[in-house]
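S.K.: return atomic coordinates for the entry below.
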Amino acid sequence: MKTLPIVASLLVIVVITIGVYVGGLLPSPTIPQDDGILPSHDTSWIISATKISAGDMHTYQGVIALPTPCHNLSIDTTIAESYPEQITLNFYVTLSDGICAQVITEREFKIEFNAHPDHILRATLNGAPADIQIVPIRADAKEDTNTGDIELAPL
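M.R.: Predicted coordinates:
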């Protein structure tokens with residue numbers, strides 16, 4: 001009779017030990033860390049751009065809204081050699097040091113590259129997929145040589 005409580009206690013200890021061991025083997029959920037640059041990657045970023053094409057030469061220019069004036073924007077392209085070519089515009093946003101006003105700021109960009117007229121375009125923002133809205137304009141649109149701005153001429 002005295003052994004029943006001891007056996008029951010040992011059984012409870014064994015069950016708890018097994019539960020702790022198995023729980024340690026399971027992956028624990030991770031909470032994404034905020035790097036202070038941009039909201040989490042679930043936020044859909046929309047980049048607006050115009051496209052001018054003349055043969056194989058393509059120019060994309062537009063704006064992207066950044067959280068503060070202290071955020072810097074850089075852009076490069078990745079061209080996958082396929083048919084049609086797959087072009088990825090890689091946007092990178094970094095935060096400068098110092099105190100900065102929390103005011104949404106639009107940054108302009110312009111990038112040119114050679115590719116087939118039927119190329120496929122994608123965009124990333126700090127490595128995460130981003131939506132890019134393209135407004136095509138005619139190749140004969142006039143470019144203002146003083147400012148580099150393009151007079152929009154919708155198709």
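
S.K.: ok, what's across the strand from the residue nearest the centre of the chain?
M.R.: With distances taken as C-alpha atoms, centre = their mean, L125 lies nearest the centre of the chain, 2.6 Å away. Using DSSP bridges, the bridge partners assigned to L125 are F91, A128.

S.K.: okay, now the unreliable bits of this structure?
M.R.: Per-residue confidence for the chain (pLDDT under 70) gives these ranges: 1, 22-46, 138-155.

S.K.: which stretches of it form strands?
M.R.: 46-54, 57-66, 71-80, 86-95, 105-114, 120-125, 128-137 (DSSP state E).

S.K.: relative to I18, which of those strands is closest?
M.R.: For those, proximity to I18 was assessed by C-beta to C-beta; strand 128-137 is nearest, at 40.3 Å. All C-beta spots, glycine's among them, are computed from the backbone N, C-alpha and C.

S.K.: can you pull the buried residues of that closest one?
M.R.: By neighbour count on 16 or more other C-beta atoms under 10 Å, the buried set for strand 128-137 is 130, 132, 137.

S.K.: ditto for stretch 51-66
M.R.: Using 16+ other C-beta under 10 Å as the test for burial, stretch 51-66 gives 51-53, 58-62, 64, 66.

S.K.: go on, stretch 70-87?
M.R.: Across stretch 70-87, burial judged by 16+ other C-beta under 10 Å covers 70-71, 73, 75, 85, 87.

S.K.: so what touches that stretch?
M.R.: Contacts to stretch 70-87, defined as C-beta atoms under 8 Å, 6 or more residues apart in numbering, come from residues 37, 64, 66, 88-96, 98, 100, 105, 107, 109, 111, 113, 115-116, 118-122.
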